[in-house]
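Asks: Here is the input, now give the coordinates:
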Amino acid sequence: MRINGRTVKPAAQVRVGDRVEARVNRRDRIAEVTKVIDKRVGAAIAVECYVDHSPPAPDQPDIPVARRDRGSGRPTKRERRQLERWLQRGR
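Replies: Here you go, the predicted model:
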């Protein structure tokens with residue numbers, strides 16, 4: 001996490017005009033603080049307290065998720081190894 005280009009801890013204090021940069025879910029987020037709030041508030045109110053300068057999300061397909069038929073039980077050792085190999089290719 002960075003505030004105005006300096007690395008800080010996530011609990012660092014911010015002031016109006018600060019530029020906050022963080023990596024969230026493998027995506028860079030950049031926000032400029034427009035209003036400081038003292039307590040926790042809902043998302044609708046929090047959105048009014050910053051301006052989002054983040055680059056648009058890349059248009060890449062969702063990461064494939066392995067699905068099993070309902071009631072088929074736990075995967076066998078062979079199936080688990082195949083699944084692990086398949087997941088390693090997606091990285």
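Asks: Name the SS class of residue 39, please.
Replies: Using DSSP: H, G, I helix; E, B strand; the rest coil as the criterion, the local structure at residue 39 reads coil.
Asks: neighbours around it, how many?
Replies: Close neighbours of residue 39, defined as other Cβ atoms under 10 Å, add up to 4. C-beta coordinates here come from the backbone N, C-alpha and C atoms, glycine included.
Asks: Output the helix or strand of the chain with the lowest mean pLDDT as CSV - backbone C-alpha positions only.
Replies: Within the chain, confidence by mean pLDDT, DSSP states H and E is lowest for helix 77-89 among all helices and strands, at a mean of 87. Listed in CSV are the C-alpha atoms of helix 77-89, where the atom choice follows Å, rounded to 0.1, in the frame of the first residue of the first chain:
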residue,chain,number,x,y,z
LYS,A,77,-6.1,-39.4,-5.5
ARG,A,78,-5.9,-39.7,-9.3
GLU,A,79,-8.5,-37.0,-9.9
ARG,A,80,-6.9,-34.7,-7.3
ARG,A,81,-3.6,-35.0,-9.1
GLN,A,82,-5.2,-34.3,-12.4
LEU,A,83,-6.9,-31.3,-10.9
GLU,A,84,-3.7,-29.9,-9.4
ARG,A,85,-1.9,-30.3,-12.8
TRP,A,86,-4.8,-28.5,-14.5
LEU,A,87,-4.8,-25.7,-12.0
GLN,A,88,-1.0,-25.2,-12.4
ARG,A,89,-1.4,-24.6,-16.1
